[in-house]
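Visitor: Sequence unavailable; structure follows:
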Ligand SMILES: [Mg+2]
């Protein structure tokens, strides 16, 4: 399996079947911030993301925010739901994912990584052998580095994206 290949490619966060994941034995979710639950560099969570996080918590999942954003931004969002966070992380550096697994106190086999970027979320999640879910970015204004990564992502994924 390619390290760039997500386990799932849903249309949006709402399309993620949390009950199915629970029945597969998953108990924790490592969640990205920018463009996954908030539009880039904003502090507002989308309604869909709010629903997703609340449903996951209701089902009994443990969540950990893992973001390359600043500590203060990640903390604000994490505090809203009283979930732990790790930021700034150096995704895809596997050690940051391992630290998140430690916070969740779960083995990789029970943890799902949800994020919008192949080269950070999916690659890092795959390197530590988590189940990885790539969601489309909430986007809009992204900085040039991210736009370049999107270009590379399309190259790597070919017609899958
Ligand atoms: Mg992101």
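Guide: It's in. Source: prediction; values computed, not measured.
Visitor: And the strands in this protein, which stretches?
Guide: Shown for the chain, the strands assigned by DSSP state E span residues 28-31, 62-66, 85-86, 111-115, 131-134.
Visitor: a markdown table for those strands, including mean neighbour count?
Guide: Using the backbone N, CA and C atoms, a C-beta is placed for each residue, glycine as well. Converted to a markdown table, the strands of the chain look like this (neighbours: other C-beta atoms under 10 Å):
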| stretch | mean neighbour count |
| --- | --- |
| strand 28-31 | 28 |
| strand 62-66 | 24 |
| strand 85-86 | 22 |
| strand 111-115 | 27 |
| strand 131-134 | 24 |
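Visitor: Surely residue 90 is in contact with residue 68?
Guide: Yes: counting by C-beta atoms under 8 Å, residue 90 touches residue 68, with 6.9 Å between them.
Visitor: Between those two, which has more neighbouring residues?
Guide: Using other C-beta atoms under 10 Å as the criterion, residue 90 and residue 68 rank with residue 68 on top: 19 against 12.
Visitor: thinking again about what came up before, between the strands of the chain, which one is closest to residue 72.
Guide: strand 85-86 (10.7 Å; C-beta to C-beta).
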